[in-house]
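K.L.:
what's the 3D shape of this:
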Amino acid sequence: MKFEEIFIGLILPLIVIPNELLVYSMIKGYESIFIAGFIVIVGEILSVFIAKHIIKKGIRIGVNKGLIFTPFMILLLSLFPPFSSVTNPSLFTILIPAGIIGGICEEIIYRGYMISDMTSVYVQGVLWALLHIYDGLYFFLWAILIGILLGFIAKRYGILPTILIHAISNIIRALL
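P.N.:
Residues are numbered from 1 along each chain as shown. Modelled structure (predicted):
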């Protein structure tokens, strides 16, 4: 595993987490979720552009038999109890776009650019889980496992199945 791969796995948490901390410490209520959601969207798009310039590597996005994992992984993800519940329907305006953009950008960075060997499958799972540390310890540990599983799927079949799994599970999480 190359240093550049580890570094691009840290770009997104380094951009997003400090800004989320600032927003949550200064603003309370639903407004903080809207602003943090906007920060996440901008941070993820910016991180993809930065990662693309650091690693000059193509990513496999093809329609293939890896898509059979999509319903099973979504079911597995939806079985985890701590998924948050949204009580204000207006939050959908930020949570669903953030979920879709997050599903695409995070998969491009963590499963598309980071994975080069077997070590990187495990490292990207941990770094991706670090990005989700705000969801609590249990979700962080769960995210490591899911990140590694998504890493194996991406290594074998490309990132299209993992993008679909990630985006759909984010949308389901926002709707629960």
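K.L.:
ok, now which ones touch the closest residue to residue 37 other than its chain neighbours?
P.N.:
Closest residue to residue 37 apart from its sequence neighbours, by Cβ to Cβ, 6 or more residues apart in numbering: residue 94 at 3.7 Å. C-beta here means a position set from N, CA and C on the backbone, and glycine is covered the same way. By Cβ atoms under 8 Å, 6 or more residues apart in numbering, the contact list for residue 94 reads 33, 34, 37, 38.
K.L.:
which element, helix or strand, includes residue 94?
P.N.:
helix 92-106 (DSSP states H and E).
K.L.:
tell me the buried residues in that helix?
P.N.:
94-106 (16 or more other Cβ atoms under 10 Å).
K.L.:
only C-alpha atoms, please: export that helix in CSV.
P.N.:
The C-alpha trace of helix 92-106 is given here as CSV (Å, rounded to 0.1, in the frame of the first residue of the first chain):
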residue,chain,number,x,y,z
PHE,A,92,-34.9,15.2,3.3
THR,A,93,-33.9,18.2,1.2
ILE,A,94,-30.3,17.8,2.6
LEU,A,95,-30.1,14.2,3.7
ILE,A,96,-31.1,12.5,0.5
PRO,A,97,-28.7,14.6,-1.8
ALA,A,98,-26.0,14.2,0.8
GLY,A,99,-26.6,10.5,0.9
ILE,A,100,-26.4,10.1,-2.9
ILE,A,101,-23.4,12.4,-3.3
GLY,A,102,-21.8,10.6,-0.2
GLY,A,103,-22.4,7.2,-1.8
ILE,A,104,-20.8,8.2,-5.0
CYS,A,105,-17.9,10.3,-3.6
GLU,A,106,-16.9,8.0,-0.7
